[in-house]
Every structure is written in C-alpha cells, then in structure tokens.
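[1] here's a sequence, model it:
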Amino acid sequence: MRARVIARLVNHKHARELAVACIGFLICAGVSAHGALRAIEAHPGAIATVALPQTPADASAAAPAPGTTGTIALPALPVPAGTDSGDGSVLPARAFSMAAASPIDRARALTCLADAVYYEAASESDAGQRAVAQVVLNRVRHPAFPATVCGVVFQGSERASGCQFSFACDGTMARTPSGAAWSKALSIAGAALGGYVFAPVGLATHYHTYAVTPAWNRQLVMTDAIGAHFFHRWRGWWGTPAAFNQAYIGSEPLPGPHAAPARQPITPPAPMIADAARATVAGAVAPAAPKADPIALAMIQPAYADSGALRGPLAAPGRQPDTLPQSQVLDRWKDSGKPLK
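    Below is the predicted model:
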C-alpha cells in the first residue's frame with residue numbers, strides 16, 4: 001500500500017513537470033514570433049548591430065525558386081545631367097526605415113518580406129536570405145517599382161505570367177511553411193525592415209538562380225553571387241544610390257497574390273436592318289429569318305401585310321416594289337397641315 005502511494009506521487013510529479021515544460025515551450029514560441037516585430041520598432045542603429053542567428057539551412061524547407069525575379073521597364077523620367085554612371089564599385093544601400101509606418105503596415109510588410117525570404121531562399125544560407133530581403137527593399141526604394149513591400153513582392157501576381165517573384169504565381173505558397181525556417185525568415189525580414197543593411201549585394205534589384213540564364217543578365221551589372229543566386233543591378237544612373245530616391249508610402253496591400261481583375265462578358269451588338277440589307281445587296285447570305293406564326297399572320301389586316309418590307313434599291317433582287325395603297329384620307333382633310341395664307 002505504501003509503495004502504491006509513493007508511485008502515484010512520483011507519477012503526479014512527472015506529469016506536473018511535463019505540463020510546465022509545455023507551457024514554457026509555448027511562451028518561447030510566442031516570443032520568437034513577436035521578436036521580429038519588436039526589431040522593427042527598435043532603433044535602426046541598434047538593429048544594424050544585431051547578430052542574426054547562424055542556424056544551418058533546413059533541408060525540408062522550400063528550395064530556391066527555379067526562375068528569376070522578373071524584369072520591369074525603367075521609369076520614364078529624365079536622368080539628371082552630369083551624373084555619375086556608377087558602373088564600377090558595389091555600393092551599399094541606405095538603411096530602410098518604417099518609423100512613420102502604422103502597426104498594420106508594419107505587420108503586413110513583415111509578412112510579405114518573410115514570404116519572399118522563405119519561398120525564394122529558405123534552403124539558402126543566412127547570407128543568401130538576407131540578400132533576397134535586401135533586393136526587395138532596394139526595389140521599394142527605386143521608382144521603377146511599387147513603393148510598398150507587399151506591392152513589390154506580389155507585383156504582377158494578378159496576371160498569369162506577370163509575377164516578378166515566381167513563387168507568387170506558381171502555386172508554391174500552397175505548401176505549409178516549416179516552423180523553424182519560417183521563424184528564421186521572420187527574424188531576417190524584421191531586421192531588414194528595422195534598418196539592417198546587407199552590403200555585399202549593394203543596390204541589386206534583380207537575381208536569378210544558376211540553373212537559368214535570363215536574357216537581361218548581360219545588360220545589368222552583377223554585384224555578387226551567393227549560394228544558388230546571382231545578383232544584379234541596373235547599369236548607368238539608374239543603378240546609382242541617387243536613383244533610389246522613392247519614398248516609402250505605406251498603405252500596404254493585403255499580403256498575398258493580388259486578385260485578378262474581373263472580366264465583363266462581351267455582348268455582341270444586335271444585327272441592324274441596314275447591315276442585313278447591305279449583306280443582301282452584296283450577294284452575301286442573309287441570316288435565316290425566324291419562323292412566322294400562322295395565327296399571328298392571319299390577324300394582320302391586308303393593308304399592312306407587307307409593312308416593313310424593303311423597297312427601292314434595298315429590295316431583294318428580282319422583287320418589284322409593291323404598289324402603295326390609295327390614301328384613305330377624306331377630301332376635306334387633304335389640305336390639313338398647309339400654312340394659311
């Protein structure tokens with residue numbers, strides 16, 4: 001009996017320890033999820049010195065996208081005269097700031113940037129993921145792209161072949177993210193939005209994997225090669241720091257691919273009588289006339305039986321215009337309507 005009591009006490013103690021451990025795990029997970037948001041709200045200078053975790057790549061995470069970031073036309077704006085072409089060294093971007101952004105904009109921007117980091121480079125090294133985040137923020141600053149984070153990440157997703165980032169259109173987002181890899185993507189995205197600058201890629205606005213060779217890669221300046229990606233920026237003035245002058249506007253759209261525009265059904269116009277007449281004169285085959293109702297025809301008075309028939313040059317070939325019936329107006333009313341003298 002005494003042994004049974006002792007055994008119950010031991011089991012109760014183990015169960016209590018297990019419950020405490022589970023609660024501690026949930027608290028840690030919540031802290032990890034909100035850590036990125038706190039990083040955005042912190043001072044930019046402090047975030048730039050934060051050492052991000054150097055965790056190994058998760059083999060079960062999303063692989064690098066097999067495509068490219070896509071291209072877009074340069075803005076139709078004049079290039080300032082006497083500016084430096086800047087086709088030489090790799091210059092780092094300025095720190096990104098969301099100090100004036102609303103909490104909703106911060107949360108949406110964090111989600112969209114983490115989506116890009118995860119689905120484009122979850123199996124890459126920390127440097128590869130930071131480079132992808134830097135490219136997105138470089139685009140937000142460039143006038144050739146949208147001025148929001150979610151606008152850049154999901155640009156062109158409303159068209160089947162217009163995505164700038166392939167994961168937004170190819171169904172990749174249907175996969176459930178890996179917990180550890182997603183937490184890491186949130187951390188990297190939060191640091192980048194809070195001011196962390198990944199200098200090695202410079203002002204790159206494009207990248208592609210080693211598996212493809214897009215037509216535009218020789219028209220740009222390669223800034224770095226990290227993991228499976230090659231990073232590029234525009235040539236000339238549009239690739240210099242002065243060109244990255246677009247202000248962040250906020251008003252982030254909802255995270256996720258944009259909805260396709262609704263298509264209105266096109267109703268063909270009703271055929272006109274004149275069109276049918278032209279087709280008859282030209283010798284074309286006129287559309288079959290609807291079948292007449294014999295009961296309705298019997299109710300038509302003889303004087304109006306041929307009403308609506310084409311006459312003169314519009315009449316069908318071989319048909320003579322019918323003789324108009326005599327006027328039924330009485331003699332005393334024939335001059336009605338004439339001006340009085």
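
[2] where does this protein have low pLDDT?
    Flagging of the chain using pLDDT under 70 yields the residue ranges 1-68, 82-88, 160-161, 217, 262-329, 332, 334, 337, 340-341.

[3] which residue ranges form the strands in it?
    For the chain, the strands defined by DSSP state E cover 206-209, 221-226, 229-233.

[4] okay, those in TSV with mean neighbour count and distance to residue 254 next?
    Placement of C-beta: from N, CA and C, glycine included. Below are those laid out as TSV (neighbours: other Cβ atoms under 10 Å; distance: least, Cβ to Cβ, whole Å):
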stretch	mean neighbour count	distance to residue 254
strand 206-209	23	25
strand 221-226	18	30
strand 229-233	25	28
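
[5] among these, which comes closest to residue 336?
    Go through the strands of the chain one by one with Cβ to Cβ and the one that ends up closest to residue 336 is strand 206-209, at 83.8 Å.

[6] wait, residue 209 sits on residue 225?
    No: at 10.7 Å, residue 209 does not count as touching residue 225 under the criterion of Cβ atoms under 8 Å.

[7] redo the strands of the chain as TSV? Include distance to residue 75.
    As requested, those are arranged in TSV below (distance: least, Cβ to Cβ, whole Å):
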stretch	distance to residue 75
strand 206-209	16
strand 221-226	18
strand 229-233	15
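
[8] looking at those strands, which is nearest to residue 90?
    Checking these against residue 90 by Cβ to Cβ gives strand 221-226 as the closest, at 4.8 Å.

[9] ok, which of the strands of the chain comes nearest residue 99?
    Once Cβ to Cβ is applied to the strands of the chain, the stretch that comes out nearest is strand 229-233, at 26.2 Å.

[10] measure how the closest one sits relative to strand 221-226, angle-wise.
    Angle of strand 229-233 versus strand 221-226, following axes from the mean of the first three to the mean of the last three Cα atoms, to 10 degrees, is 160 degrees.

[11] now could you export just the CA positions of strand 229-233 as PDB?
    Extracted in PDB, the C-alpha atoms of strand 229-233 (Å, rounded to 0.1, in the frame of the first residue of the first chain):
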ATOM      1  CA  HIS A 229      21.700  33.100 -56.800                       C
ATOM      2  CA  PHE A 230      23.500  35.700 -58.900                       C
ATOM      3  CA  PHE A 231      22.600  39.300 -58.000                       C
ATOM      4  CA  HIS A 232      22.500  42.300 -60.500                       C
ATOM      5  CA  ARG A 233      21.700  46.000 -60.600                       C
END
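
[12] brilliant, that's me finished.
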